[in-house]
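1. Provided below for reference: sequence and predicted model.
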Amino acid sequence: MNAKEIIKQSVEAKIDDYMAIVQSLYDNPEIGNEEFETMALLVDYLTKAGFETQAGYVVPTGFLGTYDSGKPGLTIAFMCEYDALPEVGHGCGHNLIAAIGVAAGEALKAVIDQYGGKVLVVGTPAEENFGGKVSMAEAGVFDNVDVALMVHPGTKNGVGGRSNALYPLKFEFFGKNAHACRPSEGASALDAAVMSFVQINLLRQFMAPHTYIHGVISDGGKAANVIPAYASLDYYFRAPNFAYAKEVAQKAEKIAESIAMANGTTVETSVYECPYEDTVINYKLAELLTEKYQELGLTDIEPVDEVATGSTDVGAVSYKCPTIQGYIKIAEDWVQGHSKEMADATISPAGKAGLIKAAQGIALVALQLLEEPETFAEVQKEQTETLSKLLG
Ligand SMILES: [Zn+2]
């Protein structure tokens, strides 16, 4: 049997085990940074499958599974997400992503001794809220990785897309309480917040396309009869790249500072959630995944989605090594992204079929890179060129 067949059969032969993982996570959904039982289950599976494993890797619910052929070669990482959402459980299908990563890792492990190199299965928790991949990327987990691969389930087959950089900034205004009928003795933190809110809105006209500002007044005082000494604004600044998102955030910071100065309050700003980088697209990897999906009989494969909508921590990885987050269709178009229906799709026959194709697809991309150094060189060259354009 050739390596391609070994990979395909590895996934198919163990599909019941993989679906048992999907079901078990579905039955016991754990939200970001609380995925301890999920991590234990995945680590246990990988250990039994012959990987060297580390639980609590970099972050409390992160893990690493390593299989080293002992011979020099590429390091291929398959990423597993496994955090759930409050109320809708695995409504984003991360239980399926976990099983896809494990299945792809096990499939590549079955052939990598022939080529040399290492297979990593990286457990990257808390995609929805704390950005596990950001912490891992910062800790250097992907510095020596040659390619990172994953597939997210959804309503379409696709080979990835852009995502927005996100810079979250909190503005806290500090004024002086006073009786509302003696306002001249106070300084209104709320007024500073409202004025800043309005002025930041006026920034929009002057921003580059596809930049978003969304903010809320997260604290506007507690009683109408009191001049508020405290008020706060929570903002997301999103842009096609991280540097620009930060630049817009800094303009907003200047606005808040000048307004606070003008009305006798002070302002403090803080990055209150995890900033996300945009996703760097590697078109060569996208082309390879398209070919594999086609070989596996998938149709209606969407090209790279050039219009960024949301933000993801995959972006952080994509700045460290060539990365792809493909998509696999497991539900009809009308099914929403974060819904109970999407969770149900992960344990359906379509979820199972998607798991097989997705795991085979990314494992076969990895195989081609192991077999053809010239193809890997193309992937790497594109990455270097794109990053040098982005980072200057
Ligand atoms: Zn997701």
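-> In hand now; what should we look at? This one's a predicted model, so the numbers in the text were calculated from it and none came from an experiment.
2. C-alpha from now on. contacts and neighbour counts both.
-> Noted.
3. okay, and for the stretch 51-200 of the chain, where does confidence drop off?
-> Along the stretch 51-200 of the chain, the model assigns pLDDT under 70 to no residue.
4. for it, what spans make up the helices?
-> Ranges of helices in the stretch 51-200 of the chain, per DSSP state H, counting those that start in this stretch, are 94-112, 132-138, 189-203.
5. now swap in the stretch 251-392 of the chain and tell me
-> Under DSSP H, counting those that start in this stretch, the stretch 251-392 of the chain gives helices at 283-295, 314-318, 340-346, 349-371, 373-391.
6. Tell me which of the ones you listed is the most buried.
-> Highest mean neighbour count among the helices of the stretch 251-392 of the chain (mean count of other CA atoms under 10 Å): helix 314-318, with a mean of 27.
7. Pull that one out as PDB, backbone CA atoms only.
-> Below are the C-alpha coordinates for helix 314-318, written out as PDB (Å, rounded to 0.1, in the frame of the first residue of the first chain):
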ATOM      1  CA  VAL A 314      -5.300  31.300  14.000                       C
ATOM      2  CA  GLY A 315      -4.000  34.600  12.800                       C
ATOM      3  CA  ALA A 316      -1.300  34.500  15.500                       C
ATOM      4  CA  VAL A 317      -0.100  31.200  14.100                       C
ATOM      5  CA  SER A 318      -0.200  32.400  10.500                       C
END
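8. which of the helices of the stretch 51-200 of the chain sits most buried?
-> Most buried among the helices of the stretch 51-200 of the chain, counting by mean count of other CA under 10 Å: helix 94-112, with a mean of 28.
9. Check which helices and strands that helix sits against.
-> helix 3-13, helix 15-27, strand 75-80, strand 118-123, strand 147-154, helix 349-371 (3 or more CA pairs under 8 Å, 6 or more residues apart in numbering; DSSP states H and E).
10. Can you report how many residues neighbour the closest residue in space to D305 that isn't next to it in sequence?
-> The shortest distance from D305 to any non-neighbouring residue, by CA to CA, 6 or more residues apart in numbering, is to G161 (4.1 Å). Residues near G161, counting by other CA atoms under 10 Å, number 23.
11. I figured G161 hits E302, correct?
-> No: applying CA atoms under 8 Å, one finds G161 not in contact with E302, separated by 9.7 Å.
12. a strand runs through D234, doesn't it?
-> Yes: assignment of D234 by DSSP: H, G, I helix; E, B strand; the rest coil places it within a strand.
13. list the contacts for it?
-> P168, L169, K170, F171, G215, V216, I217, S218 (CA atoms under 8 Å, 6 or more residues apart in numbering).
14. bridging residues for the residue lying closest to the third one once chain neighbours are set aside?
-> Leaving aside its sequence neighbours, K170 sits nearest to D234 (CA to CA, 6+ apart; 4.6 Å). Judged by DSSP bridges, the bridge partners of D234 are K170, V216.
15. The nearest residue to F173 once chain neighbours are set aside and S339, how far apart?
-> The shortest distance from F173 to any non-neighbouring residue, by CA to CA, 6+ apart, is to V267 (4.4 Å). Distance from V267 to S339, counting by CA to CA, to the nearest Å: 39 Å.
16. who has more neighbours, the two?
-> V267 (23 against 18).
17. Please list all residues in contact with the residue nearest to A286 when sequence neighbours are not counted.
-> Spatially, and ignoring its direct neighbours in sequence, A286 is nearest to V159 (5.3 Å; CA to CA, 6+ apart). V159 makes contact with A286, E287, L289, T290, I301, E302, P303, V304, I324, Q325, G326, Y327, according to CA under 8 Å, 6+ apart.
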